[in-house]
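Engineer: Predicted structure and sequence below. I'll ask about it afterward.
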Amino acid sequence: MNRRPTAPPRAVFAVVAATLALKVIFLAVVVRARPQALIYTDTGTYVRPALALLRLGTFSPSLEAAPEPEINRTPGYPLLIAAAWGTLGERPWVLPALGALLSAGTALVAAGLAARLFGGRAAILAAVLVSCEPGTFFRSLDVLSDTPFTFGLTLFAAALARYACGDGTSPARAGLWLALATLVRPLSYYLIPLAAVLVLVVARRAGRSPLAACGAATAFLAPAVLLVGGWEARNLVRANAFTLSPIASSELLFYRAAPVLARAEGVPVLEMQERLGNRERWYRSGGGTEREIFGDARYADLFPVTSRLSLVELNVRWRRQAFAILESHPFLAAAMAQKGMAVLLLTPPSLILSAHYGLFSPDATLLALYDDQRLGAFAARLARVAPWLFAVSAGLVLLLVALWAAAVRGLWDARGEVPAAVHVALVGTFLYVVAVSAGFESFDDRYRLPLVPIACVYAARSLSGGRAGVVSGS
């Protein structure tokens, strides 16, 4: 059995530093020429609570809504925004630069894990792959929570894998990173108990007593109980709802159930979302003011029944609607989930970025096909109206296919080189993110960001060649 070096080679830092420098140069150009390219529809739902926290000391949906408690967004990313702006000022480059730094950190963590599992050459390749993957490179500058979440989740996966190697890493470290990632995005909420089971199993297979194994699982769960459970307790006290965030219920209705019902009735998905109350969702989740979303109409007049409900009560109602729709169309729901998985894994970043950076303005027909995910018709029309964008997008899809293929090959090559629990930790995290992210909204490639570092670690094993040997902490 071979002990792998825990520190990655110096070349890893050179690769990450060079990529970071390129991002800084690109950011300087974008901030001067087109700063709106880094801002998205969801950005305001993070920025407004951050401003309320920074200026008024209260975590509220906005300055105007204070002291009403914000419960739709978890506090992780708004806290980062408030800290960055409080330190450096509310300048347009601060938050994209923070994303670039966190993305560089993700590459370093992935490279460190690759060094631990597969050696120095794999570490360098992992750093190159994570740093240069087009979606990760460009989307890390977005003012959104995806890059901070990816950083936290990668730290968790690396710590859990090291614990599974038996190198003495405390399970509490993995638990802390997962708890922090969950406070950035609730997506990893149900990963907490699943990972705790793995910690318990690893401890028992290492020969520890049932009591000691339970102690390891408790150490893993303690940060989540304190941080995630603490935030749920805060919401119970402030909003009478023991919940991390009610956002999952609205997403279940508008991004899972609405597309299923739209396909069943043969209408566009956007039309079905509007029929189910999508504008109300945006208004109640802090997506804009009453005038911005409803124009001259009043929210209470348009939604006389649901406007009287609290946000928590409204999300309970939406969750019931979603389950009723999905139960009525189980086979169509399964087919839509499979399509969502393919879209998640293969959507090229060029489709969104070309419009955001002002390189391409889609016509109404193309935009309607994109919004409705009519993939064949969309690809055919894109090839006619923007052959250059079609060619770039096709090339990026091939790059993604190559990355996933290399990752699968790396997993196969490493099947007997590291403990099986390491693969369970890494592949399990990957599959969990795929399962919870594979929906209608996954046509936005940013939802794929958390998958890239884990895939790159395995792809680096495949591309590095040679047998890494068995990793052991003893």
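Structural biologist: Everything's here; your move.

Engineer: quick one: the helices in the stretch 201-350 of the chain?
Structural biologist: Counting by DSSP state H, counting those that start in this stretch, the stretch 201-350 of the chain has helices at residues 210-223, 229-239, 247-251, 258-265, 269-276, 278-284, 290-294, 299-302, 311-328, 330-346, 350-356.

Engineer: Name the residues that touch the second one?
Structural biologist: By that I understand helix 229-239. Helix 229-239 is contacted from outside by 69, 71, 74-75, 183, 241-244, 310-312, using C-beta atoms under 8 Å, 6 or more residues apart in numbering. The way it works is simple: take the backbone N, C-alpha and C, and place the C-beta from them, glycine included.

Engineer: Now do it: distance to the chain's middle.
Structural biologist: 23 Å (C-alpha atoms, centre = their mean, to the nearest Å).

Engineer: With the fourth one instead?
Structural biologist: The gap between where helix 258-265 is centred and where its chain is centred comes out at 25 Å by C-alpha atoms, centre = their mean.

Engineer: what inclination does that helix have with respect to helix 311-328?
Structural biologist: Put simply, helix 258-265 runs at 40 degrees to helix 311-328, going by axes from the mean of the first three to the mean of the last three C-alpha atoms, to 10 degrees.

Engineer: and helix 258-265, what does it pack onto?
Structural biologist: With contacts taken as 3 or more C-beta pairs under 8 Å, 6 or more residues apart in numbering; DSSP states H and E, helix 258-265 sits against helix 269-276, helix 311-328, helix 330-346.

Engineer: Now mean neighbour count too, for these, in CSV please.
Structural biologist: Formatted as CSV, the helices and strands packed on helix 258-265 follow (neighbours: other C-beta atoms under 10 Å):
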stretch, mean neighbour count
helix 269-276, 17
helix 311-328, 18
helix 330-346, 16
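
Engineer: quick revisit: tell me the one among the contacts of helix 229-239 nearest to residue 385.
Structural biologist: Nearest to residue 385 out of the contacts of helix 229-239 is residue 74 (C-beta to C-beta; 40.0 Å).

Engineer: Just give the number of residues close to that closest one.
Structural biologist: Neighbour count of residue 74, defined by other C-beta atoms under 10 Å: 24.

Engineer: Next, it: secondary structure please.
Structural biologist: Three-state call for residue 74 (DSSP: H, G, I helix; E, B strand; the rest coil): coil.

Engineer: Angles on the backbone of residue 277, please.
Structural biologist: phi 110, psi 40 (degrees, to the nearest 10).

Engineer: What is the burial count for it?
Structural biologist: Per other C-beta under 10 Å, the neighbour tally for residue 277 reads 22.

Engineer: How about residue 285?
Structural biologist: Neighbours around residue 285, by other C-beta under 10 Å: 21.

Engineer: So it sits against residue 249, correct?
Structural biologist: No. With contact defined as C-beta atoms under 8 Å, residue 285 does not reach residue 249; the gap is 10.9 Å.

Engineer: In contact with residue 113, which residues are there?
Structural biologist: Applying C-beta under 8 Å, 6+ apart to residue 113 gives the contacts 126, 157-158, 161-162, 457.

Engineer: Kindly state the pLDDT recorded for it?
Structural biologist: Looking at residue 113, its pLDDT reads 96.

Engineer: how far away is it from residue 203?
Structural biologist: 21 Å (C-beta to C-beta, to the nearest Å).

Engineer: Need the nearest residue in space to residue 227, chain neighbours excluded.
Structural biologist: Of all residues not flanking residue 227 in the chain, residue 179 sits nearest, at 4.4 Å (C-beta to C-beta, 6 or more residues apart in numbering).

Engineer: again, but for residue 204
Structural biologist: In space, residue 204 is closest to residue 213, 4.8 Å off (C-beta to C-beta, 6+ apart).

Engineer: Wait, that neighbour touches residue 207, no?
Structural biologist: No. Using C-beta under 8 Å, residue 213 is not in contact with residue 207; the gap is 9.8 Å.

Engineer: Looking at the two, which has the bigger crowd around it?
Structural biologist: When neighbours are counted by other C-beta under 10 Å, residue 213 and residue 207 differ, and residue 213 comes out ahead with 19 against 8.

Engineer: List the contacts of that one.
Structural biologist: Counting by C-beta under 8 Å, 6+ apart, residue 213 touches 200, 203-204.

Engineer: and which of these is nearest residue 336?
Structural biologist: residue 200 (34.9 Å).

Engineer: The helix or strand harbouring that closest one to helix 229-239, inter-axis angle?
Structural biologist: Using DSSP states H and E, residue 200 falls within helix 191-205. Between helix 191-205 and helix 229-239, the angle comes out at 150 degrees (the same axes, to 10 degrees).

Engineer: which of the residues in helix 191-205 are buried?
Structural biologist: Residues 191-192, 195-196, 198-200, 202-204 are the ones in helix 191-205 that count as buried (16 or more other C-beta atoms under 10 Å).

Engineer: next one: phi and psi at the residue of the chain most remote from its centre?
Structural biologist: Most distant residue from the mean C-alpha position of the chain: residue 209, 36.5 Å away (C-alpha atoms, centre = their mean). Taking degrees, to the nearest 10, you get phi -70, psi 160 for the backbone angles of residue 209.

Engineer: ditto for residue 93
Structural biologist: phi -90, psi -10.

Engineer: Reformat the buried residues of helix 191-205 as CSV; add distance to residue 440 and pLDDT.
Structural biologist: Shown next, in CSV, are the buried residues of helix 191-205 (distance: C-beta to C-beta, whole Å; pLDDT from 0 to 100):
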residue, distance to residue 440, pLDDT
191, 22, 98
192, 26, 98
195, 27, 98
196, 31, 98
198, 30, 97
199, 34, 97
200, 36, 97
202, 36, 96
203, 40, 96
204, 41, 95
